[in-house]
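A.B. asks: Task: produce atomic coordinates for the following.
(2 chains)
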Amino acid sequence: AQSVTQPDIHITVSEGASLELRCNYSYGATPYLFWYVQSPGQGLQLLLKYFSGDTLVQGIKGFEAEFKRSQSSFNLRKPSVHWSDAAEYFCAVGGYSGNTPLVFGKGTRLSVIA
Amino acid sequence: DTAVSQTPKYLVTQMGNDKSIKCEQNLGHDTMYWYKQDSKKFLKIMFSYNNKELIINETVPNRFSPKSPDKAHLNLHINSLELGDSAVYFCASSQGQGNEQFFGPGTRLTVL
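C.D. replies: Okay, the predicted model is just below:
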């Protein structure tokens, strides 16, 4: 069965510092992978997605993620965090051949301090 | 041009009441979902509809009944509301399951 693990419940970084949010997945076929962001009081917005091809994908707001099949990981990175990046981040896994919807991780809350 | 819209945005009601939340998507997608997000931000899927047909019905009390009059709409009716139903409910849609989902803005339900 598909599953997603986000090992970090809460991360705090200083503004301007780099960021990496971890995501590990379990999926029996070639996965589709997604990162969503949820700002306080808002719905979920897609940051980036991986379907195939280049394993380093670029997203909106300066985020990128790298798919590593050998590690079953899809970690999200940003070189310099802005205060407005404080939000909840969700990793999700799905697939073209899947007959089930996306499976979401439990989320990582990012706090940004001055 | 809101892709996935939900109404109402906020819903405050008394225990025991019956209420409905509406969802509409204008993306032409064939699959729609309802999620419940609790106070810990955990997203739990409740229902999935594909072409108006119920695909997924997770362990949800039968007080919750989804209705899909057409591919663009998926409404959620809740009978006999309980305190534990207080949460944010998100509607989403996608083209096929396992694909990118587009989320509505959420409906914050508060049961008093």
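A.B. asks: now do the same end-to-end measure for stretch A:6-16.
C.D. replies: 23 Å (CA to CA, to the nearest Å).
A.B. asks: likewise stretch B:56-69?
C.D. replies: 17 Å.
A.B. asks: Give the buried residues for it.
C.D. replies: By neighbour count with 16 or more other CB atoms under 10 Å in any protein chain shown, stretch B:56-69 contains the buried residues B:Ile56, B:Val60, B:Phe64, B:Pro66, B:Ser68. In short, each C-beta sits where N, CA and C put it, glycine included.
A.B. asks: Which of those fall within strands?
C.D. replies: B:Ile56, B:Phe64, B:Pro66, B:Ser68 (DSSP state E).
A.B. asks: so what's the first one up against?
C.D. replies: It stands for B:Ile56. Neighbour list for B:Ile56: A:Thr100, A:Pro101, B:Tyr33, B:Ile45, B:Phe47, B:Ser48 [criterion: CB atoms under 8 Å, 6 or more residues apart in numbering or on different chains].
A.B. asks: pLDDT wise, what is it at?
C.D. replies: Here the pLDDT value assigned to B:Ile56 is 75.
A.B. asks: how close does it get to B:Ile78?
C.D. replies: 18 Å (CB to CB, to the nearest Å).
A.B. asks: residue ranges with poor pLDDT in chain B?
C.D. replies: B:1 (pLDDT under 70).
A.B. asks: ok, what's across the strand from the residue nearest the centre of it?
C.D. replies: Nearest residue to the geometric centre of chain B (CA atoms, centre = their mean): B:Trp34, 3.2 Å. As for beta bridges, B:Trp34 partners with B:Phe47, B:Cys91 under DSSP bridges.
A.B. asks: And for A:Arg77?
C.D. replies: A:Glu20, A:Glu64.
A.B. asks: Distance check, it against A:Ser84.
C.D. replies: For A:Arg77, the distance to A:Ser84 - CB to CB - is 17 Å.
A.B. asks: So for those two, which residue has more residues nearby?
C.D. replies: A:Arg77 (14 against 10; other CB atoms under 10 Å in any protein chain shown).
A.B. asks: didn't the more buried one look like it was pressed against A:Gly62?
C.D. replies: No - contact criterion CB atoms under 8 Å: A:Arg77 and A:Gly62 do not qualify, at 9.6 Å.
A.B. asks: which residues does residue 100 contact?
C.D. replies: Because you didn't say which chain, this covers chain A. By CB under 8 Å, 6+ apart, the neighbours of A:Thr100 are A:Gln2, A:Gly94, B:Ile56, B:Gln97, B:Gly98.
A.B. asks: actually chain B
C.D. replies: Contacts of B:Glu100 by CB under 8 Å, 6+ apart are A:Tyr32, A:Phe34, A:Leu46, A:Lys49, A:Gly94, B:Ser94.
A.B. asks: Chain B contacts on chain A?
C.D. replies: A:32, A:34, A:36, A:38, A:42-46, A:49, A:88, A:90, A:92, A:94-102, A:104, A:106-107, A:109 (CB under 8 Å from any CB of the partner chain).
A.B. asks: Now restrict those to buried residues only.
C.D. replies: Counted by 16+ other CB under 10 Å, these give A:32, A:34, A:36, A:38, A:43-44, A:46, A:49, A:88, A:90, A:92, A:94-95, A:98, A:101-102, A:104, A:106-107, A:109 as buried.
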